[in-house]
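> A structural model of the following input is requested.
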Amino acid sequence: MEDLASKLMTELECETVFTIPVFGGIGVSESVVVTWIIMAVLICGAVILSRDLKIDHISKRQAVAELIYTKLTGLVEGMIGPKGKGFVPYLVTVLLYIGVSNIIGLFGMKSPTKDLNVTIALAVMSIVLVEAAGIHHKGVRKWLHHFTEPVAIVTPINILEVFTRPLSLCMRLFGNVLGAFVIMELIKIVVPIFLPAVFSLYFDLFDGLLQAYVFVFLTSMYISEAIE
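Sure, this is the predicted structure:
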């Protein structure tokens, strides 16, 4: 168990890759560098797939781009509903980022979602968007009034919910990624041959994509509630 605890601490440790010499030195962590790599891959992929777009006689590359776009936007639009179409691009971007972050361990890099700071940032961004959506669609007066519904006595609970939602999103994503690592280490102890490879593929691929879906689904649900 001590060995497991040691591996867990190593897995959670986010090393500083380099320091930017401004304001006394700003450390750039491993999760930030991997995030830059993911951003570069997604941007390059988007540029390559979207070059020379045509209306007729489209290329196979354009067909692939249209298929990816249609499937992802259709998936997110199904979650958020017709009133929330304006938020689909952001949610698709988050879905892609978390999905790639969770499966990047297959390529020997540490997933950014194993850094609690990353999951906190994602959760705060989503909840700020949720509250901004509520203000935009309802106006400030109606947005403030919804904290008193259904009765004024529950106002403190409704206000508290604004802060518990990002905590829930953050800990759900971080906890599931961390839990997968712990389960994998336990499996390696019990069955050290063959089986761990199968479960590793499951947790790094299927479960990683599932967690991305859950995060976006919950954010979509909160936005739908805010704009109704």
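
> what's the neighbour count on residue 15?
Neighbour count of residue 15, defined by other CB atoms under 10 Å: 10. Yep, even glycine has a C-beta here, placed from its N, CA and C like the rest.

> wait, residue 120 sits on residue 170?
Yes: between residue 120 and residue 170 there is a contact under CB atoms under 8 Å: 5.0 Å.

> which of the two has more neighbours?
residue 170 (22 against 17).

> could you say which helix or strand holds that one?
For residue 170, the host element (DSSP states H and E) is helix 155-190.

> all strands of this structure, in order?
Using DSSP state E, the strands of the chain run over 16-20, 26-29.

> out of the ones you listed, which is the most enclosed?
strand 26-29 (a mean of 13; mean count of other CB atoms under 10 Å).

> how about a markdown table for the strands of the chain, with mean pLDDT and distance to residue 49 added?
Shown next, in a markdown table, are the strands of the chain (pLDDT from 0 to 100; distance: least, CB to CB, whole Å):
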| stretch | mean pLDDT | distance to residue 49 |
| --- | --- | --- |
| strand 16-20 | 69 | 30 |
| strand 26-29 | 77 | 29 |
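
> okay if I get those as TSV plus distance to residue 89?
Listed next are the strands of the chain as TSV, based on distance: least, CB to CB, whole Å:
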stretch	distance to residue 89
strand 16-20	30
strand 26-29	27
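
> tell me how far the nearest residue to residue 26 once chain neighbours are set aside lies from residue 220.
Nearest non-adjacent residue to residue 26, counting by CB to CB, 6 or more residues apart in numbering: residue 20, 4.4 Å away. To residue 220, residue 20 is 36 Å away according to CB to CB, to the nearest Å.

> remind me which residues of this structure are low pLDDT?
For the chain, the stretches flagged by pLDDT under 70 are 1-14, 17-18, 21-24, 181, 184-185, 188-204.

> helices of that one, start to end?
Counting by DSSP state H, residue ranges of the helices within the chain are 2-12, 30-49, 60-80, 88-103, 116-145, 155-190, 195-201, 207-227.

> quick one: which of those is nearest residue 109?
Closest of these to residue 109 is helix 30-49, at 5.3 Å (criterion: CB to CB).

> what angle separates that closest one from helix 88-103?
Orientation of helix 30-49 against helix 88-103 (axes from the mean of the first three to the mean of the last three CA atoms, to 10 degrees) gives an angle of 120 degrees.

> which parts of helix 30-49 are buried?
For helix 30-49, the neighbour count (16 or more other CB atoms under 10 Å) marks 30, 31, 32, 33, 34, 35, 38, 49 as buried.

> likewise stretch 86-97?
Result for stretch 86-97 [16+ other CB under 10 Å]: buried residues 87, 88, 90, 91, 92, 94, 95, 96, 97.

> measure the residue at minimal distance from the centre of the chain to residue 130 for me?
In the chain, the residue lying closest to the centroid (CA atoms, centre = their mean) is residue 98, at 3.7 Å. Residue 98 sits 17 Å away from residue 130, going by CB to CB.

> just residue 82 next, same as before
To residue 130, residue 82 is 18 Å away according to CB to CB.

> who's more crowded, these two?
Set residue 82 next to residue 130 and count neighbours by other CB under 10 Å: residue 130 wins out with 22 against 6.
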